[in-house]
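Enquirer: no letters, just coordinates:
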């Protein structure tokens, strides 16, 4: 699923017209129910903090935080339960994302526009993407109300990649006639795996305190991940 989802996030990425400062809350679920709750916060300067609350294989709660400063060469994975901070160079993101490097024009996709729908009070355009290369079906509910890159910025530090270039994104969007937008809802179904649903429950422009993006004190620091990502 990761390759298909990564390419689609990259495909519908667009630089925001205005800097977004605010918060979004979302859930991730499968046919077994909600598997994770997500809260992402964005500073006007470009810093991002994403908090994930999930459960492990034994049903126990797991809390993790990613802090991605706008300036500097590293981002941070924080385990709230283990009280650890792993510092990771941004350069590692490129190393982990070579699998999605490619051409937007050559992507083997079929696009279906399925009409307008309201998601969490926001009007959206429902688009279905059939990814023949990855044997996947991705439904997106896109809005122009918020910057299209909020998802990619939040998940940037979770090793999703996004190596396709800006030029290739533009070519892909032109080829398939889809205007970039922020996904209020995403459903990803890939052969051999259970469908995964992302739903934005709330998104709001609001002031975010600078200390939201500060690293917690008293945690053990390391230079490489020492815990699994939920």
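Expert: Thanks, I have the structure now. Predicted model, so just to flag it, every value in this text is computed and none were measured.

Enquirer: surely residue 151 is in a strand?
Expert: No - with DSSP: H, G, I helix; E, B strand; the rest coil as the criterion, residue 151 is located in helix rather than a strand.

Enquirer: might one say that residue 127 is in contact with residue 137?
Expert: No - Residue 127 is beyond contact range of residue 137, at 11.5 Å (criterion: C-beta atoms under 8 Å). (Glycine included, C-beta is placed from N, CA and C.)

Enquirer: the more surrounded of the two?
Expert: residue 127 (22 against 18; other C-beta atoms under 10 Å).

Enquirer: what segments of this structure are strands?
Expert: Ranges of strands in the chain, per DSSP state E, are 22-30, 33-42, 48-55, 61-68, 74-79, 84-89, 109-119, 122-131, 136-143, 182-190, 196-205, 220-222.

Enquirer: to residue 151, which of these lies closest?
Expert: Closest approach to residue 151 among these is made by strand 182-190 (6.1 Å; C-beta to C-beta).

Enquirer: which other helices and strands does the closest one contact?
Expert: For strand 182-190, the packing partners by 3 or more C-beta pairs under 8 Å, 6 or more residues apart in numbering; DSSP states H and E come out as helix 2-11, strand 122-131, strand 136-143, helix 150-155, strand 196-205.

Enquirer: buried ones in the shortest one?
Expert: What that stands for is helix 150-155. Across helix 150-155, burial judged by 16 or more other C-beta atoms under 10 Å covers 150-155.

Enquirer: reformat these as a markdown table; add distance to residue 189 and pLDDT.
Expert: Below are those laid out as a markdown table (distance: C-beta to C-beta, whole Å; pLDDT from 0 to 100):
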| residue | distance to residue 189 | pLDDT |
| --- | --- | --- |
| 150 | 23 | 84 |
| 151 | 18 | 82 |
| 152 | 21 | 77 |
| 153 | 25 | 80 |
| 154 | 22 | 79 |
| 155 | 19 | 76 |
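
Enquirer: just the closest of these to residue 53, please.
Expert: Once C-beta to C-beta is applied, the member of the buried residues of helix 150-155 that ends up nearest residue 53 is residue 154, at 14.4 Å.

Enquirer: skipping adjacent residues, who's closest to that closest one in space?
Expert: What sits nearest to residue 154 in space, not counting adjacent residues and going by C-beta to C-beta, 6 or more residues apart in numbering, is residue 40, at 4.1 Å.

Enquirer: run through the bridge partners of the one you found.
Expert: residue 24, residue 50 (DSSP bridges).

Enquirer: wouldn't it be in contact with residue 52 here?
Expert: No - under the criterion of C-beta under 8 Å, residue 40 makes no contact with residue 52, lying 9.4 Å away.

Enquirer: ok, the residue nearest to residue 154 - contacts?
Expert: Contact analysis of residue 40 by C-beta atoms under 8 Å, 6 or more residues apart in numbering lists 23-24, 26, 48-51, 150, 153-154.

Enquirer: ditto for residue 153
Expert: 40, 42, 48, 68.

Enquirer: for residue 88, state which of the residues you listed is nearest.
Expert: residue 68 (10.0 Å).
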